[in-house]
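S.K.: compute the structure for the input listed below.
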Amino acid sequence: MNLLEHLTVVEDARSDVNQKHNIVDVLFLVLSAIISGAKGWQDIETYGDSIQP
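M.R.: Got it, this is the predicted structure:
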């Protein structure tokens, strides 16, 4: 089982209003940012903005 398959097991407990992005995408972004050295939410946001097409 690869990482993305593991992430699909996570239940999305957010309300429908707060589901702008797929939970698997959010989790993958957070993990990738932390592995890349992010130290907090601001760093995670900056990382996410830097990988947008």
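
S.K.: the longest helix in this structure is where?
M.R.: In the chain, taking DSSP state H as the definition, the longest helix is helix 23-35.

S.K.: which element is residue 14 on?
M.R.: Residue 14 is part of no helix or strand, with elements assigned from DSSP states H and E.

S.K.: what's around it, how many residues?
M.R.: Burial measure for residue 14: 12 neighbouring residues, criterion other Cβ atoms under 10 Å. Where C-beta positions appear, they are placed from N, C-alpha and C, glycine not excepted.

S.K.: isn't it right next to residue 26, touching?
M.R.: No - with contacts counted by Cβ atoms under 8 Å, residue 14 stays clear of residue 26, the gap being 9.2 Å.

S.K.: and the helix or strand following the longest helix of the chain, what's buried?
M.R.: Using DSSP H and E, the next helix or strand after helix 23-35 towards the C-terminus is helix 41-50. Neighbour-count burial for helix 41-50 flags 44, 47, 48 (criterion: 16 or more other Cβ atoms under 10 Å).
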